[in-house]
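The sequence and its predicted three-dimensional model are supplied below.
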Amino acid sequence: MAEPSAVSVIIPAFDEEAAIGSVIASLRAAAPWREIIVVDDGSTDRTGEVARTSGAKVIRHPYNIGNGASVKSGIREASGDFILIMDGDGQHTSADALRLLSYLGEYDLVVGTRASSGQASTARHLGNTALNRLASYLTGREIPDLTSGMRAARSSGFREFLHLLPNGFSTPTTTTLSFIKAGYSVRFEPIETRARVGQSKIRLVSDGTNFLLILLKVITVFSPLRIFLPVSVFAFTLGAMYALWTAVTQHHITNSSVLLIVLAVIIFLVGLVSEQISTLRAEGQR
């Protein structure tokens, strides 16, 4: 279990003036944290001022860079042995924060898992469900909530993957996948989520596409064959079936089927080389 006195709480915030004060007050009443760091990502309201008045340490970006950039700034500044990341919009509770910390030590990363009723909309819920299922296949591990913003881990764990974190809304996705594929133990702990204060900053179409691309990127870094092999098998199966069909109906094999089979072999070999590079990279880090 991680003691709160060894935990740096990081709260990325953009235009969260209405909620940030109560979030910090709730945290301070719950435990004696080592520090509460609010990263004001170029807010146009009084987010930074309210956070500082409430007792948090404030880092301010001169302009809006992104949620991921805010998390990275907080991780670089954190002095605690452990880091807890949570949203500044009032959705997360301090009780859940303490419960996540109780599992650190036994687990390397603890992710707060939202119930389906905690999703902002039906469209968001459906999108997250699709991403969760794809991520579960690519990692070989059941992932009930890939995009939850509440998570806790050792500072060294977050810093190990700092170079992979994007500046936008996909830090939760990247950290979850990175910890799992690097062989760390990950726990998904159910949490309560309340209605956020203000409007969500996530754009469903553009940010959803970015989540998908980040998911594929991280899996390619850690386990490329999980992507290359299915594509290769699909191309080979399509080419072989087309070749069989033309051989039976036209008594010859077309160039298209041959090209599909050759493409399948090339994709498989590229995936095999990528897998070796990934293995060597991981061994080099250790």
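Cool, the structure landed.

Quick one: end-to-end distance for stretch 41-60.
Start-to-end span of stretch 41-60 (Cα to Cα, to the nearest Å) is 6 Å.

How far does that stretch sit from its chain's centre?
25 Å (Cα atoms, centre = their mean, to the nearest Å).

what does it rub up against?
11-17, 20-21, 24-25, 28, 35-40, 61-67, 69-70, 73-74, 77, 88 (Cβ atoms under 8 Å, 6 or more residues apart in numbering). For every residue, glycine as well, the C-beta is placed using N, CA and C.

in the stretch 1-150 of the chain, which spans are helices?
For the stretch 1-150 of the chain, the helices defined by DSSP state H, counting those that start in this stretch cover 17-30, 47-53, 67-77, 94-101, 122-139.

The stretch 151-286 of the chain too?
Applying DSSP H, counting those that start in this stretch to the stretch 151-286 of the chain gives helices spanning 155-160, 171-181, 204-222, 225-249, 255-285.

Walk me through the domains of the protein.
As recorded under automatic domain parsing, the domains making up the chain are 4-222, 225-285.

Of those, flag the one that's most buried.
Most buried of those by mean neighbour count (mean count of other Cβ atoms under 10 Å) is domain 4-222; its value is a mean of 19.

where are the low-confidence patches of this structure?
By pLDDT under 70, the low-scoring segments of the chain are 116-125, 196-208, 211, 281-286.

Next, name the residue at the spatial heart of it.
Centroid-nearest residue in the chain, with Cα atoms, centre = their mean: T173, separated by 1.5 Å.

I'd like the distance between that one and A25.
30 Å (Cβ to Cβ, to the nearest Å).

T279 now?
Applying Cβ to Cβ to T279 and A25 gives a distance of 48 Å.

likewise V186?
Taken as Cβ to Cβ, the span from V186 to A25 is 30 Å.

just to revisit the earlier point, would you convert the helices of the stretch 1-150 of the chain into a markdown table that also reports distance to R151?
Formatted as a markdown table, the helices of the stretch 1-150 of the chain follow (distance: least, Cβ to Cβ, whole Å):
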| stretch | distance to R151 |
| --- | --- |
| helix 17-30 | 15 |
| helix 47-53 | 20 |
| helix 67-77 | 10 |
| helix 94-101 | 7 |
| helix 122-139 | 15 |
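
rewinding a little: columns distance to G127 on top of the helices of the stretch 151-286 of the chain, output as a markdown table?
Below are these laid out as a markdown table (distance: least, Cβ to Cβ, whole Å):
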| stretch | distance to G127 |
| --- | --- |
| helix 155-160 | 26 |
| helix 171-181 | 12 |
| helix 204-222 | 5 |
| helix 225-249 | 20 |
| helix 255-285 | 28 |
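
looking at these, which is closest to R133?
Each of the helices of the stretch 151-286 of the chain has some distance to R133 by Cβ to Cβ; the shortest is helix 204-222, at 11.1 Å.

nearest to S5, of the helices of the stretch 1-150 of the chain?
helix 94-101 (10.9 Å).

Report the inter-axis angle for that closest one versus helix 17-30.
60 degrees (axes from the mean of the first three to the mean of the last three Cα atoms, to 10 degrees).

Show me what helix 94-101 is packed up against.
On a contact count with 3 or more Cβ pairs under 8 Å, 6 or more residues apart in numbering; DSSP states H and E, helix 94-101 meets helix 17-30, strand 82-85, strand 109-114, strand 151-154, strand 186-191.

could I get those as CSV with distance to I253?
Below are the helices and strands packed on helix 94-101 laid out as CSV (distance: least, Cβ to Cβ, whole Å):
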stretch, distance to I253
helix 17-30, 65
strand 82-85, 56
strand 109-114, 51
strand 151-154, 53
strand 186-191, 48
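
And these: which comes nearest A95?
The nearest among the helices and strands packed on helix 94-101, by Cβ to Cβ, is helix 17-30 at 7.1 Å.

elements contacting the closest one?
Helix 17-30 packs on strand 7-13, strand 35-41, helix 47-53, helix 94-101, going by 3+ Cβ pairs under 8 Å, 6+ apart.

Relative to L100, how far out is the closest residue to P62 other than its chain neighbours?
Using Cβ to Cβ, 6 or more residues apart in numbering and skipping the chain neighbours, the partner closest in space to P62 is G42 (6.4 Å). Per Cβ to Cβ, G42 is found 28 Å from L100.

likewise Y63?
Plainly put, Y63 is 32 Å away from L100 if you go by Cβ to Cβ.

And I36, by the same measure?
The gap separating I36 from L100 is 15 Å, by Cβ to Cβ.

ditto for S170
Taking Cβ to Cβ, one finds S170 at 21 Å from L100.
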